[in-house]
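Novice: heads up, no residue letters with this:
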């Protein structure tokens with residue numbers, strides 16, 4: 001029983017060399033976050049945050065503490 005040897009096809013990976021992004025990537029100073037149509041009920045108040053290329057983030061808090069609200073605001077789904 002002989003097995004046929006197959007050659008892997010040649011593959012060339014080309015990665016772009018993007019321009020450097022100057023810090024901060026995202027900055028919030030005294031931001032106020034609320035949901036529309038809630039009579040301006042503030043969910044998060046006085047939010048301060050700087051996000052750079054080397055920033056690592058963990059969102060930890062109780063249920064209802066505003067973690068998902070903060071992520072929605074950072075994604076542009078809620079107005080600051």
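Specialist: On my side now, so go ahead. What you see is a predicted model, and the numbers here were worked out from it, not measured in a lab.
Novice: can you pull out the helices in this structure?
Specialist: 67-74 (DSSP state H).
Novice: For residue 51, the count of nearby residues, please.
Specialist: Per other CB atoms under 10 Å, the neighbour tally for residue 51 reads 15. Just so you know, the C-beta spots here come from the backbone N, C-alpha and C atoms, and that holds for glycine as well.
Novice: Isn't it up against residue 70?
Specialist: No - under the criterion of CB atoms under 8 Å, residue 51 makes no contact with residue 70, lying 11.8 Å away.
Novice: where does residue 77 land on pLDDT?
Specialist: On the pLDDT scale, residue 77 is placed at 92.
Novice: That one - how many residues pack around it?
Specialist: Look at residue 77: counted by other CB under 10 Å, it has 9 neighbours.
Novice: Next one: it from residue 71, what distance?
Specialist: Using CB to CB, to the nearest Å, one gets 9 Å for the distance from residue 77 to residue 71.
Novice: do residue 7 as well
Specialist: Noted for residue 7: a distance of 47 Å to residue 71, by CB to CB.
Novice: again with residue 23
Specialist: For residue 23 relative to residue 71 (CB to CB), the value is 21 Å.
Novice: how about the strands in this protein?
Specialist: For the chain, the strands defined by DSSP state E occupy 26-34, 42-51.
Novice: could I get these as CSV with mean pLDDT and distance to residue 19?
Specialist: Putting the strands of the chain into CSV (pLDDT from 0 to 100; distance: least, CB to CB, whole Å) gives the following:
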stretch, mean pLDDT, distance to residue 19
strand 26-34, 93, 18
strand 42-51, 92, 18
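Novice: okay, these in a markdown table with distance to residue 58 next?
Specialist: Formatted as a markdown table, those follow (distance: least, CB to CB, whole Å):
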| stretch | distance to residue 58 |
| --- | --- |
| strand 26-34 | 16 |
| strand 42-51 | 13 |
